[in-house]
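A.B. asks: Take a look and give me a structure for this.
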Amino acid sequence: MIGIAVELLTNLFQAFMFSTFLYLYFDKPQNKLKRRLSYWGYVTILFVACSLFTFTGDHINLSTFYLDSLLCISILVSYCVIFLKGKLYMRIIIPIFSFGINAFVSYTTSYLMVFFTGYSAEEFFTVSTYSRYTILVTVNVVTALLLWLVLKLKPAKIQLLGLFEVFAFASIPILCTVILYCCMFIYQSSDFKGNILIYLMICCLCMLIIGVLIYFLLIRLSKANAAKTKLLLISQRSKLYEESILATNRQIEKVSNEKHDIKNKISTLQKLIENRSYDDAVKLCRETTTALTSAYTPICTDNPTLNAIVNVELEKAATNHIDLTIDISNTLHFLNSADTVSVIGNLCDNAIEYLSQIPVADRRMVLKIKTHLNFCIISCQNKTNGQVLKSNPYLLTSKSEPDEHGKGLSILRKITTEHDGDLIIKENDNHISVSVILRIK
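C.D. replies: The predicted model follows:
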């Protein structure tokens, strides 16, 4: 009876430990009810799953232990993927990583106890005895401390570029967990013979060292990627600012020319009125009105940076014979100048690059900046010929020197992450829309 109570209490503690760790590690849904129901629901489900295969008579059943572990890992992964927020590969890997920590501590502690005490391994692994209770307490306390340490080190974020880096990072906890369970399976298949115990301990130690080394190498790689992204941001913003200055100079020249032209027309109009040539005066007024209506009108809001970058994009669109419609109801004062330039510049440049390659009749795009609740939505929609996402799902650049171009989406994702937002790409009815959603702080 005591054995059953201890095992159930251990399962309950582990259900709380894993669920709480994942809850604290990732971002949560905004809805408090959904957040709490999902947390307590998965604590209950995990406790039931841990207890489901625990007992066969008075002993722990090792024949179902691997199925038990696989079920628990699946539950943890589903909790992260469905109810928590963050990068998808992180929501898959971190649950496996946390369970792998527990497996490593459990096996290593058991191997050490067997090696130094000489007791039977079955007593530690299968039979509910005071020796097993000691191991259970030790394992759970050490695991809890290690998971707490992982939470403390969380600011060392992993920033990976490309599928290969993601695959390499994802392989580490999965392979380590597989090695752990294979070692345990070998030990069990040998009827817990002590002569192979030292080799299993060496395998676990080597696996731990390799895992730690690769993890720190990935952190270094992540920092290098972050520096590369920052350099690209600086380079791109510098280019956009330069284009903004040139476009502003061109606009000043146009305004100066138009001012000079209007001055001459007003003088002419005055002479016509003085000479009572009213019909010619009316004709000149109409011609002047038509010319002013068709003339380029710069965007003017209360945000100078927004004005500059939007007018740059209007100039680019006009140069490429693109019909660009602007709808601004939020002037982005909550964003710093650099992010404003990057968001508008990347959204519009991607659309202009695509539209400049299709027939002139289809060159239409719309830039909208609006507010919904406490979020700002900056979206750019353009006409397409065919299904762009099907032929180019990652929206890779068609320019030469791809290392110098085509980084727009990664930059947009970085900005949305910094502002608790999201990047959404949709395509339907021969239109593609890229929306940047940012929380207004």
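
A.B. asks: Pull the residues that contact stretch 98-106.
C.D. replies: Under the criterion C-beta atoms under 8 Å, 6 or more residues apart in numbering, residues 14, 18, 21-22, 69, 72-73, 76, 135, 139, 142-143, 146-147, 150, 173, 176-177, 180-181, 204, 208 lie in contact with stretch 98-106. To be clear about C-beta, it is placed using only N, CA and C from the backbone, and glycine gets the same treatment.

A.B. asks: For stretch 206-215, buried residues please.
C.D. replies: Neighbour counts over stretch 206-215 (16 or more other C-beta atoms under 10 Å) mark 207, 211, 214 as buried.

A.B. asks: what's the answer for stretch 166-185, then?
C.D. replies: Neighbour counts over stretch 166-185 (16+ other C-beta under 10 Å) mark 166, 169, 170, 172, 173, 176, 177, 179, 180, 181, 183, 184 as buried.

A.B. asks: Just checking, which helix or strand succeeds whichever strand or helix holds residue 206 along the chain?
C.D. replies: Using DSSP states H and E, residue 206 maps to helix 197-274. Of the helices and strands lying after helix 197-274 in sequence (DSSP H and E), the nearest is helix 278-294.

A.B. asks: what angle do that following helix and helix 197-274 make?
C.D. replies: Angle, helix 278-294 to helix 197-274, by axes from the mean of the first three to the mean of the last three C-alpha atoms, to 10 degrees: 180 degrees.

A.B. asks: tell me the mean pLDDT over the helix or strand that comes right after helix 278-294?
C.D. replies: The helix or strand immediately downstream of helix 278-294 is helix 304-319, counting by DSSP H and E. The pLDDT scores in helix 304-319 average 85.

A.B. asks: Repeat that for stretch 17-33.
C.D. replies: In the prediction, stretch 17-33 has an average pLDDT of 87.

A.B. asks: which of the residues in it are buried?
C.D. replies: If you call a residue buried by 16+ other C-beta under 10 Å, then stretch 17-33 has these buried ones: 17, 18, 19, 21, 22, 23, 25, 26, 28.

A.B. asks: same question, stretch 78-93
C.D. replies: For stretch 78-93, by 16+ other C-beta under 10 Å, it's 79, 80, 83, 84, 87, 90, 91, 92, 93.

A.B. asks: which residues touch it?
C.D. replies: Applying C-beta under 8 Å, 6+ apart, the contact partners of stretch 78-93 are 19, 22-23, 26-29, 34-35, 38, 42, 77, 94-95, 158, 166, 169-170, 173-174.

A.B. asks: Do me a favour and get the end-to-end distance for it?
C.D. replies: 11 Å (C-alpha to C-alpha, to the nearest Å).

A.B. asks: One more: stretch 185-195?
C.D. replies: End-to-end distance of stretch 185-195 (C-alpha to C-alpha): 15 Å.

A.B. asks: chain center to that stretch, what's the gap?
C.D. replies: Distance, stretch centre to chain centre, for stretch 185-195: 44 Å (C-alpha atoms, centre = their mean, to the nearest Å).

A.B. asks: Just the mean pLDDT for that stretch, thanks.
C.D. replies: Stretch 185-195 comes out at a mean pLDDT of 73.

A.B. asks: Tell me how the chain divides into domains.
C.D. replies: Here the chain is described, according to automatic domain parsing, as comprising the domains 2-232, 299-441.

A.B. asks: and the ones you listed, which one's lowest on average pLDDT?
C.D. replies: Among those, domain 2-232 scores lowest, with a mean of 77.

A.B. asks: Tell me the gap between that domain and the middle of its chain.
C.D. replies: Mean-position distance between domain 2-232 and its chain equals 24 Å (C-alpha atoms, centre = their mean).

A.B. asks: still on that earlier bit, so which of the buried residues of stretch 17-33 would you say is closest to residue 411?
C.D. replies: Nearest to residue 411 among those is residue 26, at 23.6 Å by C-beta to C-beta.

A.B. asks: List the residues that contact the closest one.
C.D. replies: So residue 26 contacts 80, 84, 85, 86, 90, 91, 94 (C-beta under 8 Å, 6+ apart).

A.B. asks: quick one: it and residue 270, what's the gap?
C.D. replies: 72 Å (C-beta to C-beta, to the nearest Å).

A.B. asks: what's the answer for residue 188, then?
C.D. replies: From residue 188 to residue 270 the distance is 104 Å (C-beta to C-beta).

A.B. asks: related to what we said a few turns ago, would you turn the buried residues of stretch 166-185 into a markdown table with secondary structure and distance to residue 256?
C.D. replies: Converted to a markdown table, these look like this (DSSP: H, G, I helix; E, B strand; the rest coil; distance: C-beta to C-beta, whole Å):
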| residue | secondary structure | distance to residue 256 |
| --- | --- | --- |
| 166 | helix | 54 |
| 169 | helix | 57 |
| 170 | helix | 59 |
| 172 | helix | 63 |
| 173 | helix | 65 |
| 176 | helix | 69 |
| 177 | helix | 70 |
| 179 | helix | 74 |
| 180 | helix | 75 |
| 181 | helix | 77 |
| 183 | helix | 80 |
| 184 | helix | 81 |
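
A.B. asks: Understood, closing this out.
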